[in-house]
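>>> Based on what follows, work out the 3D shape:
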Amino acid sequence: MEVLVTLTVLALVFAIVVPNLGAIVPSARLEGSGKLILRQLDWVRSEARIQGKRMHVDFDLDRARWRIVWPPEQQLTRDQEQWTLEERPDDWEPLQTDVVFAGVGDAKNGLATRGVYRLTFDEYGFTGDQQIVLKLKSDETMTWSLTLAGLSGRTEVESSERGEVPQLQSVGEGAF
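Next up, the predicted model:
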């Protein structure tokens, strides 16, 4: 009797949990890609401020990948020749499977949806207000948005299961 009750409870748990796993795993990939970009943007902002140099992050919107672009003087070491600085495919960090960019941009120019978008931090770690939006290729109603305040570095993260993208205000803290 105890075995029968245990099997019944397990069957109920699996009947409830297994259908919902499909919704949990894709959203975890979406959130994981977004949080990785957020951590790297914080790090690049900090490096720009510490080194007193401009630093860039490129987002390849067509190929769902991104990279950190180092200042030229840091890319070349004594052991390297100038020709070794040519772009290498391994410089790019791909987004997780099924995750793509829905857009990257600022309030002044709007969200870019194609090509390569360059986000620049100046030597003080400042940038214009920026927004990065990720979505799932298989379910475009699931979005993850990061809004970066350019002067303070404050970030807001919003996720939506209805495809909503928060609009960046045209007059913000760093809308220049």
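
>>> helices and strands around the lengthiest helix in the chain, which ones?
Ranked by residue count under DSSP state H, the longest helix found in the chain is helix 2-51. On a contact count with 3 or more CB pairs under 8 Å, 6 or more residues apart in numbering; DSSP states H and E, helix 2-51 meets strand 55-60, strand 65-69, strand 99-106, strand 116-121, strand 130-136, strand 143-148, strand 155-160. Heads up, the C-betas are built off the backbone N, CA and C, glycines and all.

>>> who wins for proximity to residue 92 among those strands?
Nearest of these to residue 92, taken as CB to CB: strand 65-69 at 4.3 Å.

>>> what angle separates the closest one from strand 99-106?
If you take axes from the mean of the first three to the mean of the last three CA atoms, to 10 degrees, strand 65-69 sits at 50 degrees to strand 99-106.

>>> Make JSON lines from the helices and strands packed on helix 2-51 and add mean neighbour count and distance to residue 92 to it.
Below are the helices and strands packed on helix 2-51 laid out as JSON lines (neighbours: other CB atoms under 10 Å; distance: least, CB to CB, whole Å):
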{"stretch": "strand 55-60", "mean neighbour count": "20", "distance to residue 92": "7"}
{"stretch": "strand 65-69", "mean neighbour count": "19", "distance to residue 92": "4"}
{"stretch": "strand 99-106", "mean neighbour count": "22", "distance to residue 92": "13"}
{"stretch": "strand 116-121", "mean neighbour count": "18", "distance to residue 92": "10"}
{"stretch": "strand 130-136", "mean neighbour count": "23", "distance to residue 92": "16"}
{"stretch": "strand 143-148", "mean neighbour count": "22", "distance to residue 92": "19"}
{"stretch": "strand 155-160", "mean neighbour count": "13", "distance to residue 92": "23"}
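
>>> Dump the ones you listed to TSV, plus mean pLDDT and distance to residue 11.
Compiled in TSV, the helices and strands packed on helix 2-51 are given as follows (pLDDT from 0 to 100; distance: least, CB to CB, whole Å):
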stretch	mean pLDDT	distance to residue 11
strand 55-60	94	46
strand 65-69	91	43
strand 99-106	91	34
strand 116-121	94	49
strand 130-136	91	30
strand 143-148	90	34
strand 155-160	83	32
